[in-house]
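Participant: Next comes the sequence, and after it the predicted model I'd like to discuss.
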Amino acid sequence: MATLLTALSLLLGSVVLAGPARAELSASPPEQWRSYWVDAFNDGIYTPEQVSTLIDDARAVNANVLIVQTARRYDCFCNRALYPRTDAAIAPAPYDPLDEVIAQAHAAGLQVHAWVNVNTLWNSATPPRSADHVFNRHGPTAEGRDRWLNRKADGTELQGANSYIDPGHPDAAAYIVEAIRSLVREYDVDGINLDYIRYPDGSSTTTHSDWGYNEVALERFREVTGRTDTPAPDDAAWSQWRRDQVTSLVRRIYLGMWEEDPAARLSVNAITYGFGPQSVGGWEATRTYAEVLQDWAGWLAEGITDTVVTMNYKRDWNPDQAQMYSEWTQFLADAQAGRQGVTGPALYLNPVEGSLAQLREALAPTPAGNTAAGWSGYSYANPSMDVAENGLAAERERLTAALTTGPDAPFAEPATVPGMAWKSAPADGHVTGELALRDGTPLDQARVTLRHLGAGGGTVRTVTDGTGWFGFAHAAPGRYLLTVDLPSGVVGAPVSTVVVREGRIAEAPFAPFRPVR
């Protein structure tokens with residue numbers, strides 16, 4: 001009996017002692033986005049060994065996401081995508097940088113988001129080697145509709161050696177969408193990160209864009225407005241039309257990714273030039289909205305991006321820039337609209353102490369009580385402004401220590417990437433469709449209305465893009481009526497119905513239309 005009691009006592013004691021430890025193990029880590037941008041112009045993914053070092057460095061700061069530059073300038077650090085393989089000096093095939101990053105990162109518990117430059121085409125006088133590269137097929141040697149280059153009002157197409165794609169060209173936009181879908185389809189990425197999803201820099205003022213004058217884009221604007229002139233860069237209707245082209249592209253990418261993998265996250269890199277809306281007179285007066293025609297606050301409100309990562313590149317030690325940083329940090333947190341905002345400061349512009357201060361500010365609640373989803377450092381390759389003086393290894397070690405050690409270190413413990421309930425447990429669905437003539441000609445810029453047929457149902461409108469595609473994101477479940485405002489000279493059945501279900505994309509059936517002879 002004594003032996004039995006002793007054994008029982010030891011067993012109970014072990015249960016009691018194990019209780020707190022098990023409770024700690026079962027406690028869920030906090031949800032907070034923590035990432036590095038990993039650019040492909042520097043070391044990081046060129047060899048498997050570099051990838052291993054990258055993973056170790058990311059784990060050392062308790063990061064949980066890597067935003068890895070995959071499509072740099074229409075060249076891919078991958079082997080299986082519509083984009084051709086890069087000419088950069090990566091390890092020879094069959095090495096696939098994206099495959100390698102995904103394998104090592106996932107094994108370490110890190111997400112991988114493929115970073116894609118959308119409208120930057122090429123930046124060298126030497127063309128890419130691949131005949132399939134867009135620069136070679138649709139760049140300076142192409143003519144007519146095959147020429148996708150963005151152009152300024154004065155006719156120039158280059159900014160230094162940089163060339164750009166015009167998002168108002170339907171064929172260019174369609175290529176971008178399909179290339180991104182190919183990445184989601186071919187690789188086990190956790191998301192796509194869009195950069196340069198806007199019009200280029202280099203305009204004559206900060207109040208409008210000088211870009212967008214590709215001939216195909218201009219003709220589309222004239223067609224929909226009935227105008228015959230070439231609009232001035234500051235023409236309000238022209239500015240809105242160009243801004244709408246970028247928004248339409250984001251919407252189509254978002255819904256295209258949903259078709260490939262509903263769980264894949266779409267994030268966009270957001271411009272924060274100059275002072276924030278608080279100082280300049282509102283969102284529409286910012287350089288983001290007016291100069292580069294990027295309505296990322298509107299994308300959050302519409303729900304066509306899951307995460308906005310602001311490129312909030314400001315010097316903490318400069319009073320004006322510190323104010324800019326604060327204004328954009330607060331605006332982002334307050335503009336999340338049920339999605340997620342991540343503040344992305346420039347590590348290379350600040351000493352480690354300044355980056356730590358900016359991180360703390362990025363994670364603090366706003367006066368309205370809103371908190372951003374997390375932080376992304378730009379970039380992994382350059383952890384501080386003091387690298388030239390102290391060396392890369394030393395500054396990376398200093399940054400790691402500042403983020404993770406000490407009683408109030410912001411990243412002392414691991415965190416998980418915030419979930420997306422609108423994707424994991426969706427309460428709504430989406431509608432897409434295509435409109436065309438009988439000969440296959442797309443019905444461009446036709447107005448489509450979506451009206452809920454239930455009691456108290458609302459109405460929303462959109463227009464088709466240059467391929468005849470249209471989409472409505474996040475419609476409540478139920479039956480809907482779709483109507484098309486047919487342009488003059490086109491006839492057919494302009495009415496259709498769809499049933500929207502949670503988490504699904506309903507395709508609107510429209511028979512081809514025909515021109516009146």
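Facilitator: Nice, I can see it.

Participant: ok now stretch 28-45, how far from the chain's centre?
Facilitator: 15 Å (C-alpha atoms, centre = their mean, to the nearest Å).

Participant: hey, C-alpha coordinates of that stretch in CSV?
Facilitator: What follows is stretch 28-45, C-alpha atoms only, in CSV (Å, rounded to 0.1, in the frame of the first residue of the first chain):
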residue,chain,number,x,y,z
SER,A,28,-1.3,31.0,-28.8
PRO,A,29,1.4,33.5,-30.0
PRO,A,30,0.1,37.0,-30.9
GLU,A,31,-1.0,37.8,-34.5
GLN,A,32,1.4,40.4,-35.9
TRP,A,33,2.9,40.7,-39.4
ARG,A,34,6.7,40.8,-39.3
SER,A,35,8.6,40.7,-42.6
TYR,A,36,11.6,41.7,-44.6
TRP,A,37,11.5,42.8,-48.2
VAL,A,38,14.2,40.7,-49.9
ASP,A,39,15.2,42.4,-53.1
ALA,A,40,16.8,40.6,-56.0
PHE,A,41,19.4,43.2,-56.8
ASN,A,42,21.5,42.1,-53.8
ASP,A,43,22.5,38.8,-52.3
GLY,A,44,19.8,36.8,-50.6
ILE,A,45,18.3,34.3,-53.1
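
Participant: I'd like to know the average pLDDT value across it.
Facilitator: Average pLDDT, stretch 28-45: 96.

Participant: Going by neighbour count, list what's buried in it.
Facilitator: 32, 33, 34, 35, 36, 37, 38, 39, 40, 43, 44, 45 (16 or more other C-beta atoms under 10 Å). Where C-beta positions appear, they are placed from N, C-alpha and C, glycine not excepted.

Participant: just checking, next helix/strand downstream of the helix or strand of the chain with the lowest mean pLDDT?
Facilitator: One helix or strand of the chain scores below all others by mean pLDDT, DSSP states H and E: helix 2-26, with a mean of 37. Downstream of helix 2-26, the next assigned helix or strand under DSSP states H and E is strand 33-38.

Participant: thinking again about what came up before, and the buried residues of stretch 28-45, which two are the farthest apart?
Facilitator: Farthest apart among the buried residues of stretch 28-45 by C-beta to C-beta are 32 and 43. That separation is 27.4 Å.

Participant: can I get the buried residues of stretch 28-45 in CSV with distance to residue 121?
Facilitator: Output for the buried residues of stretch 28-45, formatted as CSV (distance: C-beta to C-beta, whole Å):
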residue, distance to residue 121
32, 36
33, 30
34, 32
35, 26
36, 26
37, 21
38, 22
39, 18
40, 16
43, 25
44, 23
45, 22
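
Participant: between those residues, which is nearest residue 134?
Facilitator: Distances from residue 134 to these, taken by C-beta to C-beta, are shortest for residue 40, at 17.3 Å.

Participant: Which element, helix or strand, includes the residue nearest to the closest one when sequence neighbours are not counted?
Facilitator: Closest residue to residue 40 apart from its sequence neighbours, by C-beta to C-beta, 6 or more residues apart in numbering: residue 69 at 3.9 Å. Using DSSP H and E, residue 69 sits within strand 65-71.

Participant: for residue 54, same thing?
Facilitator: helix 48-60.

Participant: pLDDT of that helix, averaged?
Facilitator: Here the average pLDDT along helix 48-60 is 98.

Participant: Run the angle between that helix and strand 65-71 for me.
Facilitator: 150 degrees (axes from the mean of the first three to the mean of the last three C-alpha atoms, to 10 degrees).

Participant: Can you check what pLDDT the model gives the closest residue to residue 162 other than its chain neighbours?
Facilitator: Spatially, and ignoring its direct neighbours in sequence, residue 162 is nearest to residue 123 (4.7 Å; C-beta to C-beta, 6+ apart). For residue 123, the model assigns a pLDDT of 95.

Participant: got a list of what residue 123 touches?
Facilitator: With contacts defined as C-beta atoms under 8 Å, 6 or more residues apart in numbering, residue 123 is in contact with 73, 160, 161, 162, 163.

Participant: That one and residue 388, how far apart?
Facilitator: 24 Å (C-beta to C-beta, to the nearest Å).

Participant: If you count neighbours, what's buried in stretch 285-293?
Facilitator: Buried, per 16+ other C-beta under 10 Å, within stretch 285-293: 286, 287, 288, 289, 290, 291, 292, 293.

Participant: Just the mean pLDDT for that stretch, thanks.
Facilitator: The model assigns stretch 285-293 a mean pLDDT of 98.

Participant: Give me the contact list for that stretch.
Facilitator: Against stretch 285-293 from outside (C-beta under 8 Å, 6+ apart): 198-201, 203, 205-209, 212, 239, 242-243, 246, 270-274, 276-277, 280, 283-284, 294-297.
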